[in-house]
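**Q** Got a sequence here, can you build the structure:
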Amino acid sequence: MFKQFSDYVKQFPFDEVKSKLESLNQDEKQTRQKIEQILSKIFAEEHIQWQEFLYLISDPALEYLEIIAQIAQKITRKRFGNAILIYAPLYLSNECKSICTYCGFRYNNLIKRRTLTIDEAYEEAMILHKQGIRHILLLTGEDYRNTPVSYIGEVAERLKYHFSSIGIEVYPLKTEEYEFLRTKGVDSLTIYQETYDPIRYKEVHLQGVKKRMEFRLNCPDRGGTAGLRRIGIGALMGLSHPETEVAMVGLHANYLSKKYWKTHITISLPRLRPAENFENVPVVSNKKYVLFLAALRIFLPDVGLILSTRESPYFRDHVIPICITQISAGSKTEPGGYSGKEATEQFHIEDHRSIPEIVEMLKSKNLDPVFTDWVYVMK
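**A** As a prediction, this is how the structure comes out:
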């Protein structure tokens, strides 16, 4: 058993996986034949391997998108029923010491900065609580001094009796720090690698702890070792070669699911959005994006798939019934956003519908909006 993902992934270098996928795109006839063989295997309810998953995210697989989506929907209903878990993000701070070229919070961006006090964070959370939210995700920039682990823990401890699940999406921590936050009520971790391409990673992460790619890459391992109940990973679609990014996310999630089998793994593939002083957003087409999500469901039938308010209402309404199990709703991406405090948002969102509107949309599609999927009784 590999100690951490950085050791395991050395068997599958990013450039080699990219070359493999490019060869699948070039030899379309042979790739289509292989895809049809893989689909026959899936129809026989056989599990596919990661190498076969690569065929399902290749360009020739777009020809089979409708079939792949139908299979993904069938698997989703079988594994998860009609339930769609609704959560909301709560930004505690937009102060950051890292420079990530695509992020509105980056250190060299002249923006309105704010870090919520414990009371302000509680006020924001209670606004969401009144709207029915019981799964909350706490977010910060990468500023160890202004938002130390002790501060995150204090916020979580203040909220834990009001929310059935408290997740964090903050800077990478050590195992013992995740263990500490568990004692304060945190049960889940979201940590996106952003890009698995080591060359591109250096190009877009120019300053701060986030420059340490391997430290971030092994963060889900530390969360798993700490016994967190849920771990979410993902890659930003648009930073590097999208098919290869999805291949690496699938590889990573498969590894985590096997090693930390008591932990529920989730995946998100957020597409880059415009942010303060960042407008040049590469486009990953809707068809390819749906293919990625559906193929992930087939390869990893028990993994949760998340679709956030980055996406448009029209797109979310049509994709959620296919393979999604968790969505955000009523989101604000700036600290103090729910109570109207002034600060700069991390990125622009597309779906501005209220939580009641999202609930009605789900019900209209015969899906069951779920606000609580577990309760830690020792709270």
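
**Q** I'd like to check which residues are in contact with Lys332.
**A** Contact analysis of Lys332 by Cβ atoms under 8 Å, 6 or more residues apart in numbering lists 89, 91, 338, 345. No exception for glycine: its C-beta is placed from N, CA and C like everyone else's.

**Q** Give me the secondary structure label for the third one.
**A** For Tyr338, the reduced secondary structure class is helix; criterion used: DSSP: H, G, I helix; E, B strand; the rest coil.

**Q** again with the first one
**A** Assigned by three-state DSSP, the conformation of Pro89 is strand.

**Q** re the thing from before, which of the contacts of Lys332 ranks first by neighbour count?
**A** Using other Cβ atoms under 10 Å as the neighbour criterion, Tyr91 leads the contacts of Lys332 with 28 neighbours.

**Q** For that one, which residues count as its bridge partners?
**A** On the basis of DSSP bridges, Tyr91 takes part in beta bridges with Leu139.

**Q** so who does it touch?
**A** Tyr91 neighbours (Cβ under 8 Å, 6+ apart): 139-140, 332-337, 346.

**Q** Most neighbours among those residues, which one is it?
**A** Pro335 (29 neighbours).

**Q** which ones are touching it?
**A** Pro335 sits next to 91-94, 114-116, 341, 343 when contact means Cβ under 8 Å, 6+ apart.

**Q** and of those residues, the nearest to Lys160?
**A** Proximity of these to Lys160 (Cβ to Cβ) peaks at Leu92, which lies at 15.0 Å.

**Q** Can you give me the pLDDT of the closest one?
**A** Listed pLDDT for Leu92 reads 97.

**Q** Is it correct that it is in contact with Ile118?
**A** No - judged on Cβ atoms under 8 Å, Leu92 makes no contact with Ile118 at a distance of 9.5 Å.

**Q** contacts for the helix or strand Leu181 falls within?
**A** Per DSSP states H and E, Leu181 falls inside helix 175-183. Here helix 175-183 makes contact (Cβ under 8 Å, 6+ apart) with 149, 152-153, 156, 168, 173, 186, 189, 222-223, 225-228.

**Q** hang on, the earlier thing: neighbour-wise, which of Leu92 and Ile118 wins?
**A** Remark: of Leu92 and Ile118, Leu92 carries more neighbours, 26 against 14, as counted by other Cβ under 10 Å.

**Q** quick one: buried residues of stretch 223-233?
**A** Within stretch 223-233, the residues that count as buried by 16 or more other Cβ atoms under 10 Å are 223-226, 228-233.

**Q** now stretch 343-351
**A** 343-347, 349, 351.

**Q** And stretch 139-157, by the same measure?
**A** So for stretch 139-157, counting by 16+ other Cβ under 10 Å, buried means 139-143, 147, 149, 151-153, 155-157.

**Q** Ile306: which of those residues is nearest?
**A** Minimum distance to Ile306 across the buried residues of stretch 139-157 is 14.2 Å, recorded for Leu139 (Cβ to Cβ).

**Q** Quick check: neighbours shared by Leu92 and Ile118?
**A** Listed as contacting both Leu92 and Ile118 by Cβ under 8 Å, 6+ apart are 151, 155.

**Q** hmm, back to that, got the contacts of Tyr91 as a markdown table, with distance to Trp50 and pLDDT columns?
**A** Formatted as a markdown table, these follow (distance: Cβ to Cβ, whole Å; pLDDT from 0 to 100):
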| residue | distance to Trp50 | pLDDT |
| --- | --- | --- |
| Leu139 | 30 | 97 |
| Thr140 | 33 | 97 |
| Lys332 | 37 | 92 |
| Thr333 | 33 | 89 |
| Glu334 | 38 | 90 |
| Pro335 | 39 | 93 |
| Gly336 | 43 | 94 |
| Gly337 | 39 | 93 |
| Gln346 | 32 | 81 |
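
**Q** What is the nearest of those residues to Tyr161?
**A** Nearest to Tyr161, judged by Cβ to Cβ, of the contacts of Tyr91 is Leu139 at 20.9 Å.

**Q** My understanding was that that closest one contacts Gly167; is that so?
**A** No - with contact defined as Cβ under 8 Å, Leu139 does not reach Gly167; the gap is 9.2 Å.

**Q** Show residues contacting stretch 80-87.
**A** Contacts of stretch 80-87 from elsewhere in the structure, counted by Cβ under 8 Å, 6+ apart, are 132-133, 135-137, 165, 167, 304, 320, 324-329, 355, 358-359, 362, 366-371, 373.

**Q** where does Asp373 land on pLDDT?
**A** Looking at Asp373, the pLDDT reads 76.

**Q** so who does it touch?
**A** By Cβ under 8 Å, 6+ apart, Asp373 lies in contact with 83, 85, 135, 164-165.

**Q** what does Leu137 give?
**A** Leu137 sits in contact with 87-90, 167-169, 188, 190, 328, where contact means Cβ under 8 Å, 6+ apart.

**Q** Go again with 7 Å.
**A** By Cβ atoms under 7 Å, 6 or more residues apart in numbering, the residues touching Leu137 are 87, 89-90, 167, 169, 190.

**Q** between those, which is closest to Leu56?
**A** Nearest member of these to Leu56, counting by Cβ to Cβ, is Thr190, at 25.1 Å.

**Q** State the distance from Pro172 to Lys259.
**A** Going from Pro172 to Lys259 by Cβ to Cβ, to the nearest Å gives 18 Å.
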